[in-house]
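For reference, the sequence and a predicted model appear below.
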Amino acid sequence: MSHHDDDEDHSELSEMTLRVRALETVLLEKGLIDPAVLDLIVEAYETRIGPRNGAKVVARAWLDPDFKRALLEDATAAVSSLGHVGEIGDHLIAVENLPTLHNMVVCTLCSCYPTDLLGLPPVWYKSAPYRSRVVRNARGVLAEFGVNLPPEMEIRVWDSTAETRFLVLPMRPAGTEGFDVDALASLVTRDSMIGTGLPKLPEVGP
């Protein structure tokens, strides 16, 4: 189904979404854009580019100790071995969360970000308040995202550049023994790979 053909109630769409759709309609009517090209771009970000890729990398690391070790030693090579090759910077570094350590990623100069693994950067990641505050008050920023860590836990903030990008390897949630890659990947959130969130908890059966 084309991304134009949906049954959403437009009254529930955000003002920004409505503006984007109005602009898209005008450009289509004037013949300035090709709807087929738009569909290909959307499909690429939904299936080949974006947080689904990163989630599969994290899930693989949770299941495979050898891959995890390779990921932490040379993330660029490890990710490439899974077929994810693209503009993720010359050097991708994976940093692991531990019971005593939590990692966060920022780009203080602009918005450098591993788009091939995480998709387009969220608006807040590019915002000046996040970029400036996270290096001064990481614990406070985390609390605003709903992540309240114990005071004794160390927090490290990693600054991305045009050449170096970071991927946070979050801790595997308890209760996921026996989960396969797909089941584990469904628990990995984009924010958990940036460090501003945690993985989802597995659903508890009746």
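Ah, there it is. Residues are numbered from 1 along each chain as shown.

Show me what the helix or strand where Ser192 lies is in contact with.
Using DSSP states H and E, Ser192 maps to helix 190-194. Contacts made with helix 190-194 from outside it, assessed by CB atoms under 8 Å, 6 or more residues apart in numbering, are listed as 51, 54-55, 58, 104-105, 117-119, 122, 125, 145, 167-168, 170, 197-199. Every C-beta, even on glycine, is put in place using the N, C-alpha and C of the backbone.

Filter the residues you listed down to just the ones in helices.
If you go by DSSP state H, these have Pro51, Gly54, Ala55, Val58, Leu117, Leu118, Tyr125 in helices.

Top of the residues you listed by number of neighbours, please.
Among the ones in helices among the contacts of helix 190-194, the one with the most neighbours (other CB atoms under 10 Å) is Val58, at 29 neighbours.

Once you drop chain neighbours, what's closest to it?
Among residues not flanking Val58 along the chain, Val188 sits closest, at 4.7 Å (CB to CB, 6 or more residues apart in numbering).

Provide the secondary structure category for the one you found.
State at Val188, reduced to three classes by DSSP: H, G, I helix; E, B strand; the rest coil: coil.

Hmm, it is touching Asn53, no?
No - counting by CB atoms under 8 Å, Asn53 is not a contact partner of Val188; they are 10.6 Å apart.

could you point out the longest helix in the protein?
Assignment by DSSP H gives helix 15-29 as the longest helix of the chain.

How is the residue nearest to Pro202 when sequence neighbours are not counted assigned, secondary-structure-wise?
The spatial neighbour of Pro202 that comes closest, neighbours along the chain excluded (CB to CB, 6+ apart), is Gly175 at 4.9 Å. Put simply, Gly175 is coil when judged by three-state DSSP.
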